[in-house]
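>>> for reference, the sequence and a predicted model appear below.
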Amino acid sequence: MIIKKLYASVLKSPLKFLLIYSVLIRVFFVFTYQSVTIFPDSEDYITLAKYISNWSLQGYTGERTPGFPTLLALCGNSQKITVLCQLLFGLANMYFLFQLSFKQTQRKDIAFWVTFVFGSFINIVFFEFAILTETLTLSLLLLSFWFISKYNLLSQKASIKHLGVLSIIYSALYLTRPMFIYIPLGFFLYRLVLLWNIKSIYKTLIVIMFPALVFYGWNTLNKKNIGLFTSSYYLGFNLAQTATSFFHLAPDEDYIIRDIFVKHRNAVKENEPYHVYPMSVWKAHDELLEETQLTRVELSQELKRISINLFKKHPDLYVKQVLISWKDFWGSTEAILWNVSKFQNKLVRKALIGFWIYFQKYLLITINILFLVFGFKKLWSFIKHKHMDFNLFLVAIVLSGSLTQALVAYGSNSRFCIPFFPLIVYFVIYSIFTSKFIAKLYANSTSS
């Protein structure tokens, strides 16, 4: 009875409760963790932020896109201020997720549980303490879906002004995570099929206009600086990671790169944890540069050429690897990134490690599996009834993202899932609440 009264009280002002809850979690971690988490990837963002602060990208060597480094630069290259901004983004994400969920369901209870479950995952908060792109990417992606929902941008009545704003959001999203260039294209195609008329074509073109211009501009800058029309020259290394398990099948004409790569791959396999295996090419990185006398850009191009040829010659092995990467996307290997030695209190450290390892990790995987179940059910319903709505668009974008990353990346695949996670939680909880069994229970509880 007390729990029912408390729950009813919370639902009177659910957003207020959720924001207070989120603030308390973050204040707790600020005082117990007291650390900005730096990872190997962080250095590239920090370097580019310094270029941006100097108002010149001349000579930049094309490792990263400038979305997240711009945030760093705006924060005066202060990592602590950047973390503070990301913590504020975390609070804003709670607001946007609640509003999106309520707009789509018109039910405070569903919106509350979606936001509460998402906001309780500690891995999401710890990404806010890291100098990595996950938090900004998540925020921009969630913002875009909230914006689509709020202004009904999948409808015929969507205004050119609002479609233009969405185009700008998508441009920022590409500059933060270049793989996400597929999302404005996905929106364009989905809206085109949904509305199919000349007027909608012209209006929807606005959404891909700015991302296309930004894509062309950034790639052109890299062409000028490093001789490659690319978002990042790391693509060759990413493809080599995908080819790791069958790189030994490279032809003898590439024996120098092949043999050095395979030597380090085998050493990693024998002596390192499994999650290090996809990073074999980076273990071989220094020796490859020394022995080949290539620049990093040239080496990346060689790795790209060799890897693509391997994919063509051994499509069965490539497909097998893509399936492994796709499976890992839904897992938890690198779904949390933290430096546990930085906790000020040993009891807090042990409690949080146990909470993640024995509970939240499995809850995350369960939610992801449920998303696949409900998502494929949604796709099957579309095939049968040809009904297109906001939730189908969401499912299509998330599933497309899981496949896109698997095609070109192996290693840290579960990190690619992080920006999609609030959308995944929303769709899973929405599907549970609107299932016939739960709907019947809900009807009985309200009538009694």
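Perfect, thanks for sending it.
>>> so, low pLDDT: which residues of the stretch 51-200 of the chain?
Of all residues in the stretch 51-200 of the chain, none has pLDDT under 70.
>>> what packs against the longest helix along the chain?
The longest helix of the chain (DSSP state H) is helix 198-226. Using 3 or more CB pairs under 8 Å, 6 or more residues apart in numbering; DSSP states H and E, the elements in contact with helix 198-226 are helix 160-176, helix 182-195. Every C-beta, even on glycine, is put in place using the N, C-alpha and C of the backbone.
>>> spit out the contact partners of F121.
Q360, L364, F421 (CB atoms under 8 Å, 6 or more residues apart in numbering).
>>> residues near E290, how many?
The local packing of E290 (other CB atoms under 10 Å) involves 10 other residues.
>>> quick one: buried residues of the strand or helix carrying it?
Following DSSP states H and E, one finds E290 within helix 285-292. Within helix 285-292, the residues scored as buried using 16 or more other CB atoms under 10 Å are H285, L288.
>>> can you tell me the element the residue nearest to V340 when sequence neighbours are not counted falls in?
Take V340 and drop its neighbours on the chain: the residue closest to it by CB to CB, 6 or more residues apart in numbering is R349, 5.6 Å away. Counting by DSSP H and E, the element that carries R349 is helix 346-355.
>>> contacting residues around that helix?
So helix 346-355 is contacted by T32, I122, V340, F343 (CB under 8 Å, 6+ apart).
>>> quick one: which of those is most hemmed in?
Within the contacts of helix 346-355, most neighbours by other CB under 10 Å means F343, with 20 neighbours.
>>> quick one: it from P419, how far?
26 Å (CB to CB, to the nearest Å).
>>> what's downstream of the strand or helix carrying N391, the next helix or strand?
When elements are assigned from DSSP H and E, N391 belongs to helix 390-408. Counting by DSSP H and E, the next helix or strand C-terminal to helix 390-408 is helix 413-417.
>>> what packs against that following helix?
helix 315-329, helix 390-408.
>>> among those helices, which comes closest to G217?
helix 390-408 (22.0 Å; CB to CB).
>>> buried ones in that closest one, by neighbour count?
Quick answer for helix 390-408 (16+ other CB under 10 Å): 390-399, 401-402, 404-406.
>>> report the angle between that helix and helix 315-329.
Calculated by axes from the mean of the first three to the mean of the last three CA atoms, to 10 degrees, helix 390-408 forms an angle of 130 degrees with helix 315-329.
>>> from the contact counts, what lies against helix 390-408?
Counting contacts by 3+ CB pairs under 8 Å, 6+ apart, helix 390-408 is packed against helix 134-150, helix 182-195, helix 235-242, helix 315-329, helix 361-385, helix 413-417, helix 421-433.
>>> quick one: mean pLDDT over it.
Per-region confidence: helix 390-408 scores 97 on mean pLDDT.
>>> also stretch 233-249?
96.
>>> starting at the chain centroid, how far to that stretch?
21 Å (CA atoms, centre = their mean, to the nearest Å).
>>> kindly report the same for stretch 52-72.
Averaging C-alpha positions (CA atoms, centre = their mean) puts stretch 52-72 21 Å from its chain's average.
>>> quick one on the thing from earlier: now the angle from the helix holding E290 to helix 235-242?
For helix 285-292 against helix 235-242, the angle by the same axes, to 10 degrees is 110 degrees.
>>> hmm, who's touching helix 285-292?
Contacts of helix 285-292 (CB under 8 Å, 6+ apart): I256, I257, I260, F261, H264, L294, T295, R296, L299, E302.
>>> residue contacts, Q34?
Neighbouring residues of Q34 by CB under 8 Å, 6+ apart: K342, Q344.
>>> from now on call the first residue 147
All right, first residue 147 from here; so that's Q180.
>>> can you pull the pLDDT of it?
85.
>>> same question for F583.
F583 is given a pLDDT of 64.
>>> before we move on, what about S577?
The predicted local confidence for S577 is 97.
>>> and for the closest residue to it other than its chain neighbours, the neighbour number?
Leaving aside its chain neighbours, S577 sits nearest to F520 (4.0 Å; criterion: CB to CB, 6+ apart). A count of nearby residues for F520, using other CB under 10 Å, gives 20.
>>> tell me the secondary structure at W484.
At W484 the chain is in coil, as set by DSSP: H, G, I helix; E, B strand; the rest coil.
>>> distance check, the residue lying closest to it once chain neighbours are set aside against Q245.
Excluding its sequence neighbours, the residue lying closest to W484 (CB to CB, 6+ apart) is F272, at 4.5 Å. According to CB to CB, F272 stands 25 Å off from Q245.
>>> and these two? which has more neighbours close in?
Taking other CB under 10 Å, F272 and Q245 do not tie; F272 has more neighbours (22 against 16).
>>> what's in contact with the helix or strand where the more buried one lies?
F272 belongs to helix 268-274 when assigned by DSSP H and E. For helix 268-274, the external contacting residues (CB under 8 Å, 6+ apart) are 171-172, 175, 179, 183, 229, 232-233, 235-236, 264, 280-281, 284, 481-484, 498, 501-502, 506, 510, 564, 567.
>>> could you measure from N200 over to A219?
As judged by CB to CB, N200 and A219 stand 9 Å apart.
>>> and the two? Which one has more around it.
The neighbour comparison of N200 against A219 (other CB under 10 Å) goes to A219, with 19 against 10.
>>> please state the offset of stretch 256-268 from the chain centre?
Worked out by CA atoms, centre = their mean, stretch 256-268 lies 18 Å from the chain centre.
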